[in-house]
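K.L.:
pasting the structure only:
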């Protein structure tokens with residue numbers, strides 16, 4: 001007898017980060033900053049072409065949009081680009097913070113059950129020179145829990 005096994009490879013689906021997410025201050029580095037107005041909620045809209053993140057705090061809200069792009073090259077000033085690294089979204093952005101040009105890289109990873117979002121951020125100050133053994137970057141990890149819409 002001859003047996004033929006046919007295997008169809010299914011297209012890999014990416015996690016959908018769409019939803020409302022509340023910062024868990026007990027598991028987040030950002031919660032240690034006194035200037036951060038709490039509570040913090042992210043409202044994420046995720047489409048194949050972009051990732052829109054509205055950050056809501058007691059002081060108001062801001063919205064940032066990162067466009068998915070496969071080609072090489074970094075973002076220009078005031079813009080953000082997103083790409084996939086396995087099941088993690090990587091966002092590269094150029095921002096102005098208190099008059100200083102900085103680059104920001106964030107990774108967003110959804111937990112296996114889809115109820116937690118981990119955001120790891122690295123901010124690098126672009127001042128044109130380096131100090132010997134001087135740290136020109138900061139990093140942190142925040143955990144958000146999915147909330148009802």
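P.N.:
Yep, that arrived. Remember, predicted model here, so these are calculated numbers, not experimental data.
K.L.:
For the protein, just list every one of the helices.
P.N.:
Using DSSP state H, the chain contains no helices.
K.L.:
Residue 79 contacts residue 93, correct?
P.N.:
Yes: contact criterion C-beta atoms under 8 Å: residue 79 and residue 93 qualify, at 6.9 Å. All C-beta atoms are positioned from the backbone trio N, CA, C, and that covers glycine.
K.L.:
For the two, indicate the residue with more neighbours.
P.N.:
Between residue 79 and residue 93, counted using other C-beta atoms under 10 Å, residue 93 has the larger neighbour count: 21 against 15.
K.L.:
show me the contacts for the more buried one.
P.N.:
64, 66, 75, 79, 80, 81, 103, 104, 105, 106 (C-beta atoms under 8 Å, 6 or more residues apart in numbering).
K.L.:
partner residues bridging it?
P.N.:
Judged by DSSP bridges, the bridge partners of residue 93 are residue 80, residue 104.
K.L.:
for residue 108, same thing?
P.N.:
Beta-bridge partners, per DSSP bridges, of residue 108: residue 89, residue 119.
K.L.:
Report how many residues lie close to it.
P.N.:
24.
K.L.:
before we move on, back to that, kindly reformat the contacts of residue 93 as CSV containing distance to residue 48 and pLDDT.
P.N.:
Formatted as CSV, the contacts of residue 93 follow (distance: C-beta to C-beta, whole Å; pLDDT from 0 to 100):
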residue, distance to residue 48, pLDDT
64, 18, 92
66, 13, 94
75, 19, 68
79, 19, 79
80, 16, 90
81, 15, 92
103, 25, 85
104, 23, 87
105, 22, 92
106, 19, 94
